[in-house]
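Asker: Test case, fold it:
(one chain, ligands or ions: 1)
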Amino acid sequence: MTIRSREIIENLAEVRGRVERAAVAANRPPSEVNLIVVTKTFPTSDLEILYELGLRNFGENRDQEGAPKAGSLPSDIHWHFQGQIQSKKLRSIASWAQTIHSLDQYSHAIKLNEIATSPIEVFVQVDLQTPASPDRGGVPILGLDDLLASLQSLTNLKVMGLMAVAPLGEEPQLAFSRLSQIHSQVRASYPESRYLSCGMSGDFEAAIAAGATHIRVGSSILGSR
Ligand SMILES: *Cc1c(COP(=O)(O)O)cnc(C)c1O
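Answerer: Residues are numbered from 1 along each chain as shown. Next up is the predicted model:
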């Protein structure tokens with residue numbers, strides 16, 4: 001066993017312990033929390049170690065990086081894309097990613113719906129900043145209803161739920177409880193949109209407390225970038 005695999009095994013055990021404790025504290029079964037390992041900037045050799053350990057959900061932020069990684073690794077990996085979407089990259093992204101966490105524009109949704117040959121999973125990214133600010137992506141809360149309504153006719157998109165990143169400088173608990181309330185309202189209208197993608201290395205306990213079903217964790221498992 002290499003030093004690197006040992007390091008990843010230890011980090012993974014620690015993250016799984018944190019997930020378990022956070023779930024138990026929130027009265028939720030830990031199995032409800034899906035761990036996506038965010039592998040951006042890390043070499044394929046690290047992904048091979050993760051694969052050997054049985055992990056199958058990897059997240060990437062850039063098409064230029066995700067496409068070659070996906071091409072060189074086994075086909076039973078489920079790839080997640082959570083970076084900002086560039087329209088001209090969508091066709092390529094859809095060729096390797098099965099779930100897109102960062103949908104925030106109707107024009108991208110239309111294009112994705114045309115490209116997809118089978119239903120593709122999407123999360124609608126919500127901007128939790130007040131006032132809304134476009135720099136980290138996400139649809140402003142005031143625009144969410146309209147975007148969700150317009151997605152309903154796009155039959156090649158499977159709208160899983162909402163995704164968000166806690167704004168810098170705000171307590172993640174506060175941001176995620178806002179998200180949780182918004183998500184409850186969304187679920188009342190769209191029961192299939194029952195998943196919540198939130199929580200990163202620094203704040204996934206708060207996200208789990210607020211109902212996260214998909215946490216996206218990079219540096220706690222693979223180290224600093
Ligand atoms: C990089 C990234 C993550 C993972 O962040 P870590 O702090 O490394 O856990 C999760 N979500 C998004 C959108 C990211 O860009």
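
Asker: can you pull out the helices in this protein?
Answerer: Under the criterion DSSP state H, the chain contains helices at 3-25, 44-52, 63-72, 90-96, 106-115, 141-151, 172-189, 204-209, 219-222.

Asker: tell me which parts of this structure are close to the ligand?
Answerer: 38, 40, 61, 82, 165, 200-202, 216-220 (CB under 6 Å from any ligand atom). In this view, the C-beta of every residue, glycine as well, is placed from N, C-alpha and C.

Asker: circling back: ranking the helices of the chain by burial, who's on top?
Answerer: helix 204-209 (a mean of 23; mean count of other CB atoms under 10 Å).

Asker: elements contacting that one?
Answerer: Helix 204-209 sits against helix 3-25, helix 172-189, strand 214-217, with contacts defined as 3 or more CB pairs under 8 Å, 6 or more residues apart in numbering; DSSP states H and E.

Asker: what's the closest of the ones you listed to residue 99?
Answerer: When the helices and strands packed on helix 204-209 are compared by CB to CB, strand 214-217 sits nearest residue 99, at 8.4 Å.

Asker: Put together TSV for the helices of the chain, with mean pLDDT on each row.
Answerer: Shown next, in TSV, are the helices of the chain (pLDDT from 0 to 100):
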stretch	mean pLDDT
helix 3-25	98
helix 44-52	98
helix 63-72	98
helix 90-96	97
helix 106-115	98
helix 141-151	97
helix 172-189	98
helix 204-209	98
helix 219-222	98
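
Asker: Any idea which residue of the chain lies closest to the ligand?
Answerer: residue 218 (2.7 Å; CB to the nearest ligand atom).

Asker: For that residue, give me the pLDDT.
Answerer: On the pLDDT scale, residue 218 is placed at 98.

Asker: With the one 5 residues further on instead?
Answerer: Among the per-residue scores, residue 223 holds a pLDDT of 97.

Asker: contacting residues for it?
Answerer: Residue 223 sits next to 7, 11 when contact means CB atoms under 8 Å, 6 or more residues apart in numbering.

Asker: Tell me how far it lies from residue 213.
Answerer: 26 Å (CB to CB, to the nearest Å).

Asker: Equivalent analysis for residue 85, please.
Answerer: According to CB to CB, residue 85 and residue 213 sit 22 Å apart.

Asker: Between its first and last residues, how far does stretch 46-57 reach?
Answerer: Criterion CA to CA, to the nearest Å; first-to-last residue distance in stretch 46-57 is 13 Å.

Asker: ok, now stretch 179-197?
Answerer: 10 Å.

Asker: got it, and stretch 185-195?
Answerer: 13 Å.

Asker: That one: how far from the chain's middle?
Answerer: Put simply, stretch 185-195 sits 17 Å off its chain's centre (CA atoms, centre = their mean, to the nearest Å).

Asker: Need the residues that contact it.
Answerer: 123, 144, 148, 152, 158-162, 213-214.

Asker: let's see 6 Å
Answerer: Outside stretch 185-195, the residues that touch it by CB atoms under 6 Å, 6 or more residues apart in numbering are 159-161, 213.
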